[in-house]
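Chemist: Sequence and predicted structure are below.
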There are 2 protein chains.
Amino acid sequence: MNGAESLLRTAKAAGAEICFANPGTTEMSLVQAFDDMPGVRSVLGLSEGVVTGAADGYTRMTGTPAMTLLHLGPGLANGLANLHNARRARSPVVNVVGEHASWHQPHDPPLAGDIESLARPVSGWVGRTGSARSAAADFARAWQSAATRRLPATLIAAADHMWSHGGEPAPIAASPPLPLVDDQQVHAVAKVLAGEGRPALLLGGSALTPEGLRTAARIAHAAGGDVLTERSPARIDRDPTVPQLRSLPYFPEDQLRLLDEFTDLILIGAITPVSFFGYPELPGVPVPASMRVHTLATPDENALGGLEQLAESTHSEATHNATGAITEAERRRVQPPHGALDPSAVAAAIVSTQPEAAIVVNEGISSAAAYSKLACAAPAHTELALTGGAIGMGIPLATGAAIACPERPVIDLQADGSALYTLQGLWTQAREGLDVTTVVCANRRYRILEAELHRAGVRQPGTAATGMTGLDNPAPDWMSLAAGFGVACIRATTGEELVDALHRAHAEPGPHLIEALL
Amino acid sequence: MNGAESLLRTAKAAGAEICFANPGTTEMSLVQAFDDMPGVRSVLGLSEGVVTGAADGYTRMTGTPAMTLLHLGPGLANGLANLHNARRARSPVVNVVGEHASWHQPHDPPLAGDIESLARPVSGWVGRTGSARSAAADFARAWQSAATRRLPATLIAAADHMWSHGGEPAPIAASPPLPLVDDQQVHAVAKVLAGEGRPALLLGGSALTPEGLRTAARIAHAAGGDVLTERSPARIDRDPTVPQLRSLPYFPEDQLRLLDEFTDLILIGAITPVSFFGYPELPGVPVPASMRVHTLATPDENALGGLEQLAESTHSEATHNATGAITEAERRRVQPPHGALDPSAVAAAIVSTQPEAAIVVNEGISSAAAYSKLACAAPAHTELALTGGAIGMGIPLATGAAIACPERPVIDLQADGSALYTLQGLWTQAREGLDVTTVVCANRRYRILEAELHRAGVRQPGTAATGMTGLDNPAPDWMSLAAGFGVACIRATTGEELVDALHRAHAEPGPHLIEALL
C-alpha cells in the first residue's frame, strides 16, 4: 500500500469515521485512498474555515479526535481562525496538511511557504512525514498528541510520501483519561469551604455536565457560596435538574462587580478569568485584590471527579439531597416573545420551542448572553460557545456537531457579522441534509464594536466608524444567501413569527435558516 | 495626538488614500482616527480574505503600497491566503494588525496568539509598535520595507500604543526605483543572441508592458527566437500594438515541450520556471537539460530598462522598426461565441465585448488560459493573474483594482470553486458601487482537481473523490448569492446570452455578476 493508504487505514483503526476536507493537487493520493479504503467518510467544505470549524464541532460532541484534510499553507491558513477557537476549546483536531513532494519543495513553487510557522500558533504538535514507510507512524504521533494534550495537532504530509509504496499501518495507543485531582488539593479546598468566607465555585471544562453543575451547587449551598460558570465554555450540558447559574460576564467591570460578592474563588476545570480585552484604567485580570484564588482542578485534570471528591470530603451530598433545596427550586418559565425582536426575545423564542436533546451552538456575540441566561428553562441540551473569540465559528461548528450527532437537532444562535465570515458552511449542511436551524440575529452591524466605541467615549461615530461597524447599505439578504446554498430560509420580524419559524424548522427535516430582524 | 492618529497621519503623508479594513476592539483607536484625521478612506470587507486581496489588487494597479487594518491573529489568519498571493506578486501591502494592550498580552486572553509566527511566511518585514511615541516611526519602517522590498510588511500595533498620547508623525523617505541592469549583463546576453542558437526571451514582472513586449518581440525576431511570458503574471499590460505571445503552460510536460523549441532561455524580470506541482517521473524544473539559462534582469531589477539596453546593444530597434514585421502582423479576429459555453467561448465572449482600458482579473483556473490566448485581440487592457495559486483571489482583487481605478471597467474571469472562497467581496463591490463584472465560470466542480486525478491514473473516480471535487448537489445558485450581497446577476447558458449579458453589464453602472453555465 502507499503512504496515503497506510495513513488512512491507521486513522480508521484509531476510530476516525469522518474527515472534514478541502483537498488540492498535493492531496490527490489521499483523495484516492478514501475510495480505495472505505471506512472514513469525507465531508467537503467550500472553504477551510468551514472544514476546521466543523472538525471542532465534531470533536466537542464526540469527545474523540476529529480529522481534517487541508491543502498546503494557504489551505491551512484559511482554517486557522477556527483552529484558534479549537485550541481554546482544547479540541483534539488532527490536521493533515498536504505539502509539495519532498524533492519539489527546494524549488519554491508558487504555492510553497512555511507551513510550520502557520501551524505552530494553533497546534500542540507540528510534524512532517518522513517517508511513505513512516507516514502512518507520523500520523499516529499527531493523533496521540492531539488526544493526550487535547490540542490541535498538524501533520504536514509530503505528496511523494503519500503516493509512494511501502506504507505500513501503525498502532495508536488509547489516550489516557484526564488525571484525577490530588486528595491534598481536595482537602485544601474543603478547608476553605469550611471557613467563614463566601466562596464562588468557578466551573469550566469537564465540570460542565448536569452532574457537575448539580454537585457544585450542593457544595456551594452548603458552604454559603455560589456557582459560576466560565464565560464561553467549549461545551456545557444542562438538563432540567440543573439550577440556574450565572456565567462570568464579558466586560471586566461587570466581572469585578460579580466577584466582589465573594471572598474566595475556587477554580474547577477553569482558569483565573482574564478580561477579554484590555481597557484603560481597568485591570487585565478583573479579580478583586482581596479575593483568594484556589485551584481544585486545572482544565487538564478531571474536574468532574474532583467535584465528587470535594462533595464527599465536605459531606455536602447527603446533607443537601435531603433538603432538596436546589432540585425542587421553582424553574423559571420562559414565555414565547411578542412583538419586536431583541436578543432576549430571540433567546426566549429559542428556549420556548427548543426540542429535547438539542445542541445549541452559541455565536450570538452581542445576542449570546441572553440565551445562556434562559437556558436552564430549556429541555436537556448541550451548548457550545465561542471559546477563542475568532468569529465565523457558528455555521461550521453546527455543521460538525450535526454530523457527530445525526439524531440530535442542532440550533445555531448566530450573529450576522460572524455568520458572514463562513456562510459557505450552509452548503455543507444542505449537501449532507443536516438538521441544523441557523437563527441569524440580523442587526446588520458589528453591534459589539458599536458598544466598544461607546465605551471608548465615542458618542457620535463619524462616517468612517459607522462604515466600519455597519453591515447595511446594502444589508445582506439572508433569504437569498441561504437559498443560494440550498438552505430553506424564513424571515421573522416579530416574536410570533420567530416562534412559528422555529416550530416549522424543527418539524421539517434538513437545514433551515431563520433571518431574525433585530 | 495619540499613537493611532500619528500612525494614520504618517500613512496619509506617505500617500495612503485607502485602507482596506476589518477592525475589532483592539483597533478602535485607529477606527476613531479615521474620523478625526480625514484623508485616508476606509473600505470594509466582510472577511479578511476580501481585505488583503483588495489591497493586493489596489497596489498592483497603483504601484504604491496599499494599507490594511486587521484584528489580531485570527483576523490576520483569515487574510493570509491572499497575502500569500500578494507576496508572490511582489505587492507592497502594509498590514496594521491590532494587538492586545501591551500589559494585557501576558495574561493570554482568549484572542491572544503568536501573530509574528502567522505573519512571517507572507511578510518581508514583521515588527511591533514600541510605544505611542514610536508608533508612527514603526509604521514608517513597515511602509518603507514594503515599498523597497516589494513584499507585504506587517506591523503589530498594541492597543495601548494606539490609544495613548505622545504620538509623533514620522517622515517616510521616497522608495528607490528598481535598480538598472548592469551593462556587463546586457552585453553577455547580447552575445548569446548574436550566436547560432534559438533563444526564448521569458518576460515577467516589470517587463510586461506594451513597450516591453514590443521591444522583446523585436529583439527576439532579430535573433531568430521568440518571446514567452511568465505563467501567472501579477500584471501584464497589452494594447493592439502587442504581438500574440505564448505564456508558459501549466503542466510540466507541456512546458518541456515548448522549451524544447529553444536552445537558450533569457530571463527578463522572470525566474527559472518551476513546475506548479511535483509529479512522479517529471522534473520539478521543467527546463530541457541542454538548455542554457541566462539572466538579463531579476524580478528585483528594472527589466523594462534592461530590455531597452538590450535593444540598443543588439541594434534591433532600428532594424526591425523599419521592416514593421511585427506591428503590421495581422491581428487575430475573435468572433463572438455561439451555442454551448466552454472556456474558449467564455474567453471569446469577454474579448469580443471588452471595453477600452479594462482591467481583467483572471482567476479562471481551468478556464484561465483560454483568455490569455485571445487577449492580444482585445482593446488595450491590464490582466492580473493568480500569482501564488491560493484560490479566492479574484473577487477581492477585482474589488481593490476597481477602487484604485474608478474610471476603468473591471472584469473578473472567475472559476466558481475559487469564487466560493471569498464571495463576501461582492458586498464591498455593491457598497462601493464599483464597476466590476464578475463572470463566474460555473462548471460546478473543482475541474482542475478532476484533471489532476486523471493524471494520477484515476479513470473512474469513486464516491469520495467525486464528492471532494464536485460542487453540485446542491449546485450553488449564483443568482441568489449575488442578490444576497446586492449585486445584479444575469445567467447565461449560451455564447449569445453571455455576449448579451456582458454588453448589459458594461452598459449599466455598478457591479454585475454573470453566472456562465459551462
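Modeler: Received, thanks. Because the structure is predicted, anything quoted here is derived from the model rather than measured. Numbers count the residues shown, from 1 in each chain, chains lettered A, B, ... in the order given.

Chemist: Please settle this for me: is residue A:295 part of a strand?
Modeler: Yes. Under DSSP: H, G, I helix; E, B strand; the rest coil, residue A:295 sits within a strand.

Chemist: Show me what the nearest residue to it once chain neighbours are set aside is bridged to.
Modeler: Spatial nearest neighbour of residue A:295, chain neighbours left out: residue A:267 (4.6 Å); criterion: C-beta to C-beta, 6 or more residues apart in numbering or on different chains. For the C-beta atoms, the positions are set from N, CA and C on the backbone; glycine is no exception. Beta-bridge partners of residue A:267, counted by DSSP bridges, are residue A:202, residue A:295.

Chemist: okay, now the domains of chain A?
Modeler: A:3-163, A:183-323, A:343-517 (automatic domain parsing).

Chemist: what distance separates the start and the end of the longest one?
Modeler: Between the opening and closing residues of domain A:343-517 there is a gap of 10 Å (C-alpha to C-alpha, to the nearest Å).

Chemist: sorry, back to before: quickly compare the domains of chain A and say which is most buried.
Modeler: domain A:3-163 (a mean of 25; mean count of other C-beta atoms under 10 Å in any protein chain shown).

Chemist: now it, how far from the chain's geometric center?
Modeler: 19 Å (C-alpha atoms, centre = their mean, to the nearest Å).

Chemist: hmm, back to that, and the domains of chain A as CSV, adding distance to residue B:57?
Modeler: Below are the domains of chain A laid out as CSV (distance: least, C-beta to C-beta, whole Å):
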stretch, distance to residue B:57
domain A:3-163, 17
domain A:183-323, 32
domain A:343-517, 20
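
Chemist: Residue B:465 is nearest to which of those?
Modeler: Among the domains of chain A, domain A:3-163 comes nearest to residue B:465, with 5.1 Å by C-beta to C-beta.

Chemist: how far does that closest one stretch from start to finish?
Modeler: Terminal-residue distance, domain A:3-163 (C-alpha to C-alpha): 6 Å.

Chemist: quick one: low-confidence parts of chain A?
Modeler: For chain A, applying pLDDT under 70 flags the ranges A:317-332.

Chemist: Quick check: the residue nearest the centre of it vs residue B:369, distance?
Modeler: Against the mean C-alpha coordinate of chain A, by C-alpha atoms, centre = their mean, the closest residue is residue A:234 at 4.3 Å. The spacing between residue A:234 and residue B:369, counted by C-beta to C-beta, to the nearest Å, is 47 Å.

Chemist: mind listing what the residue located most distally from the centre of chain A touches?
Modeler: What lies farthest from the middle of chain A is residue A:107; by C-alpha atoms, centre = their mean that is 39.4 Å. Residues in contact with residue A:107 (C-beta atoms under 8 Å, 6 or more residues apart in numbering or on different chains) are B:274, B:275, B:284, B:285.

Chemist: For it, which non-adjacent residue is closest in space?
Modeler: Per C-beta to C-beta, 6+ apart, closest to residue A:107 is residue B:274, 4.2 Å.

Chemist: Just confirm that neighbour is within a helix.
Modeler: No. Applying three-state DSSP, one finds residue B:274 to be coil, outside a helix.

Chemist: Can you name the residues of the stretch 401-518 of chain A sitting close to chain B?
Modeler: A:417, A:420-421, A:423-424, A:427, A:430-431, A:448-449, A:452-453, A:456, A:458, A:461-465, A:467-469, A:471, A:473-474, A:476-481, A:483-486 (C-beta under 8 Å from any C-beta of the partner chain).

Chemist: ah, wrong one, I meant the stretch 151-300 of chain A
Modeler: Neighbours of chain B within the stretch 151-300 of chain A, by C-beta under 8 Å from any C-beta: A:159-160, A:163, A:232, A:274-280, A:284-285.

Chemist: Narrow the residues you listed to those in helices?
Modeler: Mapping these onto helices (DSSP state H) picks out A:159, A:160, A:163.

Chemist: Just send the residues you listed back as CSV, with distance to residue B:44 too.
Modeler: Shown next, in CSV, are those (distance: C-beta to C-beta, whole Å):
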residue, distance to residue B:44
A:159, 38
A:160, 43
A:163, 44
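
Chemist: can you tell me how far the residue in the stretch 301-450 of chain A positioned nearest to chain B sits from residue A:44?
Modeler: For the stretch 301-450 of chain A, the residue closest to chain B is residue A:390, as judged by C-beta to the nearest C-beta, at 3.5 Å. Distance from residue A:390 to residue A:44, counting by C-beta to C-beta: 22 Å.

Chemist: Check residue A:228 too.
Modeler: 41 Å.

Chemist: try residue A:377
Modeler: 38 Å.

Chemist: who does the helix or strand harbouring residue A:351 touch, helix- and strand-wise?
Modeler: Following DSSP states H and E, one finds residue A:351 within helix A:343-353. Secondary-structure packing of helix A:343-353 (3 or more C-beta pairs under 8 Å, 6 or more residues apart in numbering or on different chains; DSSP states H and E): helix A:368-374, strand A:410-415, strand A:436-442, helix A:495-507.

Chemist: about what we covered before: take the residues of the stretch 401-518 of chain A next to chain B and keep only those in helices.
Modeler: A:417, A:427, A:430-431, A:448-449, A:452-453, A:463-465, A:467-469, A:478-481, A:483-484.

Chemist: Tell me which stretches of the stretch 151-300 of chain A form helices.
Modeler: Applying DSSP state H, counting those that start in this stretch to the stretch 151-300 of chain A gives helices spanning A:159-163, A:183-193, A:210-222, A:252-259.

Chemist: Save those helices as TSV, and put in distance to residue A:373 too.
Modeler: Shown next, in TSV, are those (distance: least, C-beta to C-beta, whole Å):
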stretch	distance to residue A:373
helix A:159-163	49
helix A:183-193	27
helix A:210-222	15
helix A:252-259	13
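
Chemist: Quick one: classify the residue of the stretch 301-450 of chain A closest to chain B as helix, strand or coil.
Modeler: coil.

Chemist: okay but it is in contact with residue A:81, surely?
Modeler: Yes. With contacts counted by C-beta atoms under 8 Å, residue A:390 reaches residue A:81, the gap being 4.0 Å.

Chemist: Next, show the common contact partners of these two.
Modeler: B:74, B:77.

Chemist: SS state for residue A:406?
Modeler: Under three-state DSSP, the three-state class of residue A:406 is coil.

Chemist: Could you pull up phi and psi at it?
Modeler: phi -60, psi -20 (degrees, to the nearest 10).

Chemist: same check, this time on residue A:173
Modeler: phi -70, psi 150.

Chemist: Over to the one 3 residues further on?
Modeler: Phi and psi for residue A:176, reported as degrees, to the nearest 10, are phi -70, psi 150.

Chemist: Just give me the neighbour total for it.
Modeler: 8 (other C-beta atoms under 10 Å in any protein chain shown).

Chemist: who are the neighbours in contact with the nearest residue in space to residue A:130 that is not next to it in sequence?
Modeler: Closest residue to residue A:130 apart from its sequence neighbours, by C-beta to C-beta, 6+ apart: residue A:138 at 6.3 Å. By C-beta under 8 Å, 6+ apart, the contact list for residue A:138 reads A:127, A:128, A:129, A:130, A:155, A:157.
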